[in-house]
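Student: curious how this folds, go ahead:
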Amino acid sequence: MTIRSKPRKNTADYIPFLLLLAALPLFLAACGNSSGGASSANTVTVNNYAYPTDITRSNDGTKLFVANNVLGSISVYDADSLSQIAEIKVGCGPRHIVVNDDDTRLIVGHDNNSNCKTSPLYVDDGGDGVGYTYLSYIDLTTYTLLKEIKLQSMSVPGSFSAQSMESVRGMFWDTTNDRLYVTSLVKSDLAVLDTDLIESATATQVTFATNTYGEIPWYYKTNLKAPIALAVNDARTYAYLPQSETSANGLSILDLTAKAHTAGSPRSLQYYYATKNSDGTLSRNIGTCYDPSYIQLTSGGGEAIISCYDKSSRAENDVIIVTDVSDPAAAATAALTLGYVPVIGCVKPSVIHLTDDEEHLLALCAGSGMLITLEWDNFKSAIATNVAQTYVHGLAFKVGSQPSDMTVIGDYAYVTDLMENKIYKINYKISFNAYAILSYAIDPFKEAF
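Tutor: You can find the predicted model right below:
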């Protein structure tokens with residue numbers, strides 16, 4: 001395991017962590033497992049050419065759905081045994097998956113691919129076969145592909161001409177109000193679609209090319225570049241889209257009730273940290289959340305947890321921040337970040353997950369092939385403290401060479417790996433299965449407010 005630290009810390013600050021890490025293989029060997037814990041996790045190979053980019057769970061917790069980006073299919077697995085139940089062909093570049101509340105329908109967002117004829121439902125009208133971005137609509141009671149939804153040339157009410165989405169990244173399905181929120185990697189905007197109209201459409205290819213649906217679809221310009229994540233509050237009144245390019249790191253907050261085509265200026269994602277001066281006084285410094293790649297709201301929607309890593313390899317900026325979004329109107333224009341904690345050993349934190357009981361924060365570390373679990377209350381106290389040293393406690397698990405996504409059911413985390421084409425099933429609460437036990441100091445005189 002490669003331990004990466006922020007340059008403001010000294011090696012001596014990590015001695016407790018290093019001692020635990022060094023002693024762990026001896027402990028595991030004495031227990032009959034010298035593999036560092038990786039073999040103790042249940043695994044299954046999806047397909048040697050699958051390239052699984054996304055995994056999500058059924059709401060009843062019995063099934064897993066995996067998007068195989070290269071294979072062009074959705075795999076369905078039993079969450080307990082990891083045995084495959086079904087495989088559904090959906091065509092080019094499936095990227096993201098969402099499921100409705102009663103586990104009867106699944107929607108797949110695709111990458112844009114101009115070299116293929118999209119889904120198995122593609123109708124060749126005599127053209128050149130150039131692909132387009134679309135969604136797949138699947139019946140989970142029969143595991144069949146019902147229809148596709150074209151995201152090209154959508155006629156949008158109001159001031160916009162026809163709009164097109166390219167390369168779907170974030171999706172959120174509000175099944176109560178029959179709304180699907182979709183973000184575009186290329187167009188950098190947010191579309192709102194009516195899923196009731198999709199369900200009732202008789203054609204296998206659904207298009208929003210004509211303005212016959214009143215105020216749907218709606219289309220927001222986010223003033224951001226490449227939003228690759230999306231969160232919506234419980235009241236379904238605000239959408240939160242973090243920026244994913246280093247040129248303008250920020251968070252766009254959209255008022256979903258205002259029906260305003262253009263969002264306000266994105267808020268800055270910055271955090272404070274302290275350094276101790278030679279005279280013993282503290283100086284406040286400002287760091288930037290580079291390339292925010294994932295967002296989750298806490299219960300009630302008052303705080304947003306955002307993972308940050310820097311694609312230009314400034315490793316000192318690989319952090320997880322918690323930012324106050326309790327007042328969305330203020331958050332749209334002001335930097336309200338509470339603080340941050342650097343996660344030792346977690347290179348390029350991508351997917352994060354706060355468990356339903358809000359006891360554990362899980363972080364998937366794409367750059368170091370690790371799953372990190374932290375005690376949430378302890379994590380938050382480390383962020384809030386500014387008068388005493390606080391220790392952050394947790395566990396680290398090995399999860400392949402390039403983990404891509406994660407979902408959680410009960411005490412188990414399920415992780416997909418792009419290069420190994422595997423699903424890892426890990427009990428994130430059992431230290432015996434862990435690669436390392438984490439315990440490291442957050443000292444306000446050297447590190448964080």
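Student: ok, residue 203 - contacts?
Tutor: Residues in contact with residue 203 (C-beta atoms under 8 Å, 6 or more residues apart in numbering) are residue 147. All C-beta atoms are positioned from the backbone trio N, CA, C, and that covers glycine.
Student: report pLDDT for it.
Tutor: Residue 203 is assigned a pLDDT of 78 by the prediction.
Student: need the three-state assignment for it.
Tutor: Reducing the assignment to helix, strand or coil with DSSP: H, G, I helix; E, B strand; the rest coil, the entry for residue 203 is coil.
Student: distance of it from residue 89?
Tutor: Residue 203 is 19 Å from residue 89, where distance means C-beta to C-beta, to the nearest Å.
Student: ok, now residue 303?
Tutor: As judged by C-beta to C-beta, residue 303 and residue 89 stand 40 Å apart.
Student: who's more crowded, these two?
Tutor: Neighbour count, other C-beta atoms under 10 Å: between residue 303 and residue 89, residue 303 has more, with 18 against 14.
Student: how about the contacts made by the more buried one?
Tutor: Contact criterion C-beta under 8 Å, 6+ apart gives 297, 322, 323, 324, 325, 326, 338 as the residues in contact with residue 303.
Student: recalculate using a threshold of 10 Å.
Tutor: By C-beta atoms under 10 Å, 6 or more residues apart in numbering, the contact set of residue 303 is 296, 297, 322, 323, 324, 325, 326, 338, 354, 380.
Student: in TSV: these, plus secondary structure, pLDDT and distance to residue 136.
Tutor: Formatted as TSV, the entries for the contacts of residue 303 read as follows, by DSSP: H, G, I helix; E, B strand; the rest coil; pLDDT from 0 to 100; distance: C-beta to C-beta, whole Å:
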residue	secondary structure	pLDDT	distance to residue 136
296	strand	94	25
297	strand	94	27
322	strand	82	35
323	strand	82	34
324	strand	81	37
325	coil	85	32
326	coil	84	37
338	strand	50	39
354	strand	94	29
380	helix	74	39
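Student: okay, now the residue nearest to residue 93 when sequence neighbours are not counted: neighbour count?
Tutor: When the adjacent residues along the chain are set aside, residue 93 lies closest to residue 111, with 3.3 Å between them (C-beta to C-beta, 6 or more residues apart in numbering). Residue 111 has 19 neighbouring residues, counting by other C-beta under 10 Å.
Student: now swap in residue 398 and tell me
Tutor: Other residues near residue 398 come to 23 when the count uses other C-beta under 10 Å.
Student: now swap in the one 3 residues further on and tell me
Tutor: Look at residue 401: counted by other C-beta under 10 Å, it has 13 neighbours.
Student: neighbouring strands - and their directions - for the helix or strand containing residue 351?
Tutor: Assigned by DSSP states H and E, residue 351 belongs to strand 349-354. According to DSSP bridges, the neighbouring strands of strand 349-354, each with its direction, are strand 360-365 (antiparallel).
Student: pretty sure residue 409 contacts residue 78?
Tutor: No: Residue 409 sits out of contact with residue 78 when judged by C-beta atoms under 10 Å, with a separation of 11.4 Å.
Student: list the residues that contact both of the two?
Tutor: Overlap of the contact sets of residue 409 and residue 78 (by C-beta under 10 Å, 6+ apart) consists of 62, 63, 64.
Student: for the residues you listed, give me JSON lines that also has neighbour count.
Tutor: Converted to JSON lines, the shared contacts of residue 409 and residue 78 look like this (neighbours: other C-beta atoms under 10 Å):
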{"residue": "62", "neighbour count": "14"}
{"residue": "63", "neighbour count": "20"}
{"residue": "64", "neighbour count": "25"}
